[in-house]
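S.K.: no sequence for this one, just the structure:
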């Protein structure tokens, strides 16, 4: 599902039928893990009235399907009059699934390894949420909105650290590896919704992060 205009969300269809993509006014593209967060940001018109400029928001409602991955790949490789595509960011929960979903977009999936070359988006950047976004109190267990990892979470995180080519010690995603280790060490996770209690809510937080990235902070 993608939102690029003021009033309507679109289901992503077969990109082979897309004849033209025009996003020359977009300053950024944001891939969101959850549909609920997507709808919150869409209803706030973040993509139309952000302080970071106009943008495009989309979601696959969790782990991405082929159509969403192919559409994002198309956006990442489309050029207008020689200009580069806008930066692409990912917003996901601070948990093993959130990082796995980002990895799916950026590096591809094991189950579709034969198609990854046409689906991966190597340029995607992690907007959040990270441990530094939520662990802002001396006693992290008192930080509002934190949850404990489930047994499944811990098993998934350990498996990713041991088996994922990009998250092993010699892999290319050192930050992702470090964040998984923080989760395991502190036994915590957090959902995107935790940002709703911040001043400005999720929209305000996303805007600040987009602006900071644009400034190279």
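M.R.: Done, it's in. None of the values given here were measured: they were computed from a predicted structure. Numbering: from 1, shown residues only.

S.K.: looking at this structure, which helix or strand is least sure?
M.R.: strand 2-3 (a mean of 51; mean pLDDT, DSSP states H and E).

S.K.: list the contacts of the top helix by length along the chain.
M.R.: In the chain, taking DSSP state H as the definition, the longest helix is helix 201-215. Contact with helix 201-215 is made by 27-28, 30, 37, 40-41, 44, 46, 50-52, 55, 87, 89, 91, 125, 127-128, 133, 192-193, 195-196, 198, 200, as judged by CB atoms under 8 Å, 6 or more residues apart in numbering. C-beta: built from backbone N, CA, C; applies to glycine.

S.K.: filter those down to the buried ones.
M.R.: When neighbours are counted using 16 or more other CB atoms under 10 Å, these contain these buried positions: 28, 30, 37, 40-41, 44, 46, 50, 52, 55, 87, 89, 91, 127-128, 133, 192, 195-196.

S.K.: so for the residue nearest the centre of the chain, what's the pLDDT?
M.R.: For the chain, the residue nearest the mean C-alpha position is residue 90 (1.9 Å; CA atoms, centre = their mean). On the pLDDT scale, residue 90 is placed at 98.

S.K.: and residue 200, what is it in contact with?
M.R.: Applying CB under 8 Å, 6+ apart, we find residue 200 in contact with 207, 208.

S.K.: residue ranges of the helices in this structure, please?
M.R.: For the chain, the helices defined by DSSP H occupy 35-43, 46-49, 66-77, 96-107, 131-134, 151-163, 174-186, 201-215.

S.K.: tell me the most buried of those helices?
M.R.: Across the helices of the chain, averaging neighbours per residue (mean count of other CB atoms under 10 Å) puts helix 96-107 on top, at a mean of 22.

S.K.: pLDDT averaged over that one - what is it?
M.R.: For helix 96-107, mean pLDDT is 96.

S.K.: where does this protein dip in pLDDT?
M.R.: 1-21, 80-82, 111-115, 136-144, 217 (pLDDT under 70).

S.K.: if I look at residue 99, how far off is residue 74?
M.R.: Relative to residue 74, residue 99 is positioned 24 Å away (CB to CB, to the nearest Å).

S.K.: what's the closest of the helices of the chain to residue 119?
M.R.: Each of the helices of the chain has some distance to residue 119 by CB to CB; the shortest is helix 66-77, at 4.4 Å.
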